[in-house]
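In: A predicted structure for the sequence below; I have some questions about it.
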Amino acid sequence: MRGYRQIVVVLVMLLTTGSVMASGEEDNALSARLVERMPGLKISSIRKLPQLDLYEVVGNGLQIFYTDASGDLALFGNLVDLKTRTNLTEQRRTEASVVDFSQLPLDLAIVKVKGDGSRKMAVFVDPDCPYCKRLEQELSGVSDVTLYIYLLPLDSIHPDAARKARAVWCAEDRVQAWDALMLQGKEPPVPAAECKDPIADIAKLAGKLSIEGTPGLVFGNGTRVPGAIDARQIEQLLNAPGKS
């Protein structure tokens, strides 16, 4: 109850000092003010809450906080609907994490078609990531899916991963090279110097999608999952309703 009292106190302070913003121009002013006061903040969206005279801010990936119209006060924590016991902050975070699969740059991915390829799934992977290798084992039993493999070597953790990722991309048969590396531990030949890889562009894409580790999974319906999951969970998400 102490936590709820603290939230209520802060909400009362905000309600007594805030005012309603009426235009996109004012939204931009609030955004600029917050960035000025919170250096490094990258705002994805600002919207007025229907229940309160507060503004929800989504920034730096999936971080969510609340502010008044002036940007003088901010509330960090979970906003809960006490009638339904719904965690509105977590609900919004789930909504914000949905990826529009149709907007993914598929030309940056290695495309692997299994069975009829009717279902879709994107994976952001590091060749030296043990959890990525575990994911590959799980995916070996999944069929009727088109996999879009985005090579995302995490240099700070695996200093040799970028070399292996580039070798896979530059291989004559990228799918075969990837499978051999991840399932059998066989590295592809050293690539030609003139071969261009999309690794830097993929890193930018991962940052935009707030994918900070590997594996990072995105399913055809837009669901995003951080980390490796088993074949049963993969099947459930591939068959989940939504976009395909």
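Out: Perfect, thanks for sending it. Numbers count the residues shown, from 1 in each chain.

In: Now the phi/psi pair for G115, please.
Out: Per-residue torsions, G115: phi 60, psi -130 (degrees, to the nearest 10).

In: And the pLDDT at it?
Out: Predicted confidence (pLDDT) at G115: the value is 96.

In: Surely it and G141 touch.
Out: No. Assessed by Cβ atoms under 8 Å, G115 is found out of contact with G141, at 11.6 Å. C-betas here are computed from N, CA, C, even on glycine.

In: any idea which helix or strand comes after the lowest-mean-pLDDT helix or strand in the chain?
Out: Here the helix or strand of the chain ranked lowest by mean pLDDT, DSSP states H and E is helix 2-17, holding a mean of 38. Counting by DSSP states H and E, the element after helix 2-17 in chain order, helix or strand, is helix 24-37.

In: what's the offset of that following helix from the middle of its chain?
Out: What separates the centre of helix 24-37 from the centre of its chain is 25 Å, taken as Cα atoms, centre = their mean, to the nearest Å.

In: Just list what that helix packs against, helices and strands only.
Out: Counting contacts by 3 or more Cβ pairs under 8 Å, 6 or more residues apart in numbering; DSSP states H and E, helix 24-37 is packed against strand 43-48.

In: Around the closest residue to H158 other than its chain neighbours, how many other residues sit close by?
Out: Leaving out its chain neighbours, the residue that sits closest to H158 by Cβ to Cβ, 6 or more residues apart in numbering is D128, at 3.7 Å. Number of residues near D128 (other Cβ atoms under 10 Å) recorded here: 20.

In: L147 versus D128, what's the distance?
Out: 19 Å (Cβ to Cβ, to the nearest Å).

In: got a list of what the residue nearest to H158 touches?
Out: P153, I157, H158, D160, A161, K164 (Cβ atoms under 8 Å, 6 or more residues apart in numbering).

In: show me what contacts the last one?
Out: I take that to be K164. K164 touches P127, D128, P153, L181, E187, counting by Cβ under 8 Å, 6+ apart.

In: Show the buried residues in those residues.
Out: P127, D128, P153, L181 (16 or more other Cβ atoms under 10 Å).

In: Check which helix or strand the residue nearest to H158 maps to.
Out: Using DSSP H and E, D128 sits within no helix or strand.

In: State the distance from it to D155.
Out: Shown here: D128 relative to D155, a distance of 10 Å by Cβ to Cβ.

In: Mutual contacts of those two, please.
Out: Common neighbours of D128 and D155, counting by Cβ under 8 Å, 6+ apart, are A161.

In: buried sites along stretch 189-207?
Out: By neighbour count on 16+ other Cβ under 10 Å, the buried set for stretch 189-207 is P191, D197, P198, I199, I202, A203, L205, A206.

In: looking at it, the fourth one is touching C170, isn't it?
Out: I take that to be I199. No. Applying Cβ under 8 Å, one finds I199 not in contact with C170, separated by 10.9 Å.

In: Just give me the closest of the buried ones among the contacts of K164 to G59.
Out: Within these, the smallest distance to G59 is 26.8 Å, found for P153 (Cβ to Cβ).

In: Now that closest one: closest residue in space, sequence neighbours ignored.
Out: What sits nearest to P153 in space, not counting adjacent residues and going by Cβ to Cβ, 6+ apart, is A161, at 3.4 Å.

In: Sounds good, over and out.
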